[in-house]
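fold the following for me, if possible:
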Amino acid sequence: MLKLYYAPNSCALASHLALEHSGAAYEACKVDFANQEQRSPGFLAINPKGRVPALITSHGVLTETPAILVYIAQLFPAARLAPLEDAWQFAQAQSFNSYLCSTVHVAHAHRYRGYRWSDDEAAIESMKRKVPQSMKACFDEIENNLIKGPYVLGEHFSICDMYLFTITNWLDGDGVDVNWFPKVAALRQRMLASPVVQKVLKAQ
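Numbering: from 1, shown residues only. Next up, the predicted model:
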C-alpha cells in the first residue's frame, strides 16, 4: 500500500488528491508542522529534506510534487490523470507543473520563508511585501497563457488541475483575489463542488 506523508495547507494536497482520484489503496499520514515533526529523527529518516509530500512506494520514498503526481498517473493509467499516450500533451503537463513548482511556489514561499534566501531582516520583510505582486504576476500568466480550456490541459481533468487548485488556495493569504482570474476561479469552484475533493479536504 502507498503511504503519503502530508501537512495541512501544504503542496502535499495535490498528491493527496491524485491518490484519491486514482482509486489507489493508500494511507495518509499527517506531519505536525506546528510541533516541528518534519525535523524529527523519525521523519528525517523518511525524507531527509524535512518536507512534504513524501510518498512511500514499493520501490522506496518519492519526494517532490511533480514527480509524485506523474508517478501516480503512470501507476494508475486507467484513472486517466495525465495524457500519458500523447508525448506532446504529457510534456505540456510537465511544463505546467514545473512552472507551479519552480516559480509560483517559490514566489509564495517568500511570504513565510525569506530566511532561505537572506539573513537580513529588512530584506526578508521586503520579500514579504513583494509576494502579492509576484503571485499576481504568476497567476496573470496562468490565466492568460497557460490554461487551455475549462481545465489546464483543455477538456480533460488532470494532475495539473489538482496542483493548480492546491496553490490557488493560498492566494487569499498572499493578498491576491482569485476572482481577478476568471478561468482559475471557475476551475477552483468546479473542484470544490467535487465529492472527491471535499473528502480529501475534510481529511486534511
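
ok, Pro195 to Glu20 distance?
10 Å (CB to CB, to the nearest Å). Heads up, the C-betas are built off the backbone N, CA and C, glycines and all.

flag every buried residue along the longest helix belonging to the chain.
Longest helix in the chain, counting residues (DSSP state H): helix 121-141. Residues 124, 127, 131-132, 134-136, 138-139 are the ones in helix 121-141 that count as buried (16 or more other CB atoms under 10 Å).

could I get the full set of strands for this protein?
Using DSSP state E, the strands of the chain run over residues 2-6, 26-30, 54-56, 61-63.

okay, these in TSV with mean pLDDT and distance to Arg188 next?
Shown next, in TSV, are these (pLDDT from 0 to 100; distance: least, CB to CB, whole Å):
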stretch	mean pLDDT	distance to Arg188
strand 2-6	98	20
strand 26-30	98	22
strand 54-56	98	25
strand 61-63	98	26
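
contacts for the longest helix of the chain?
Contact with helix 121-141 is made by 99, 103-104, 107-108, 110-111, 114-115, 117-118, 168, 170-171, 174-176, 180-181, 184, as judged by CB atoms under 8 Å, 6 or more residues apart in numbering.

do the same with stretch 103-110
11, 116-117, 127-128, 130-131, 134-135, 137-139, 142, 167, 170, 174.

could you rerun that using 7 Å?
11, 127-128, 130-131, 134-135, 138, 167, 170, 174 (CB atoms under 7 Å, 6 or more residues apart in numbering).

I figured Ser15 hits Ile68, correct?
Yes. Using CB atoms under 7 Å, Ser15 is in contact with Ile68, at 4.6 Å.

the helices in this structure, which residues?
Under the criterion DSSP H, helices of the chain are mapped to 12-22, 41-46, 65-75, 87-99, 105-109, 121-141, 159-168, 182-192, 195-203.

if we can go back for a sec, filter the contacts of helix 121-141 down to the buried ones.
Using 16+ other CB under 10 Å, the buried ones in those are 99, 104, 107-108, 110-111, 114, 168, 170-171, 174, 176, 181, 184.
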